[in-house]
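Colleague: return a 3D structure for these sequence lines:
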Amino acid sequence: MRSLGTIGGSISHADPSADYYPTLLALEAKVCKRSRKSGKTCLPISDFIQGPFTTKLERDEIVEEIVIPKYRGIDHYEKFSIRKADFALVNLAMILNYDKGEKLLVKDFRIALGSLKVKPSRLIGLESKVKNSEFKDFKSFSERLLMLYDEENVEFQSTIHGSSLYRREVSKTLISRLLNRMVNDNG
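Modeller: As a prediction, the model looks like this:
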């Protein structure tokens, strides 16, 4: 049955730990829904998700399309789960667009997290602190980003699989892992 699932069905279910949300949020995707009465309506995925298992999908609507704008940059997704196919205890997506000369100019940076208490979200405040900023190199960018993340008030959901505090610590490890991958991939 799992192989018959669709991205539209997954986001309509709105499980906070679903794999698609962080990437779609980071890419600023739009969800297009259709009803017989009102026709086709598109809205940002951040507005579509209302909370755990709750969306702006009405009883007579169906997800018809997901629109993902073209994006140039490097992107990474990471998840931590008990078993590979399980829903994530923590999942996140990071997207980076930069120029590298003598210094690293971060032109755009996006980070989105799933498994949060309220709903999957981007860390807009953190993003704004590094966008259009120069760093000595990827390592100094990574150090700054982790310091800023520590200052964020990110609240993960607590379940029988892991407390909010545990998930937060795991999220820092995943962010470090993705940042190290960026450093290794891009020098």
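
Colleague: strands of this structure, start to end?
Modeller: Assigned by DSSP state E, the chain shows strands spanning 30-35, 39-44, 49-51, 54-55, 61-67, 74-80, 90-100, 104-113, 121-122, 133-135.

Colleague: tell me the mean pLDDT for the fourth one?
Modeller: Averaged across strand 54-55, the pLDDT comes to 94.

Colleague: try stretch 161-169
Modeller: Stretch 161-169 shows a mean pLDDT of 92 in the predicted model.

Colleague: burial count for the residue lying closest to residue 156 once chain neighbours are set aside?
Modeller: Excluding the flanking residues, the one nearest residue 156 by C-beta to C-beta, 6 or more residues apart in numbering is residue 167, at 3.7 Å. All C-beta atoms are positioned from the backbone trio N, CA, C, and that covers glycine. Number of residues near residue 167 (other C-beta atoms under 10 Å) recorded here: 25.

Colleague: what do you get for residue 124?
Modeller: Residue 124: 12 surrounding residues under other C-beta under 10 Å.

Colleague: one step back: what's the separation between the residue nearest to residue 156 and residue 117?
Modeller: Distance from residue 167 to residue 117, counting by C-beta to C-beta, to the nearest Å: 10 Å.

Colleague: what of residue 62?
Modeller: Residue 62 is 28 Å from residue 117, where distance means C-beta to C-beta.

Colleague: returning to that earlier point: so the residue nearest to residue 156 makes contact with residue 90?
Modeller: Yes: counting by C-beta atoms under 8 Å, residue 167 touches residue 90, with 5.1 Å between them.
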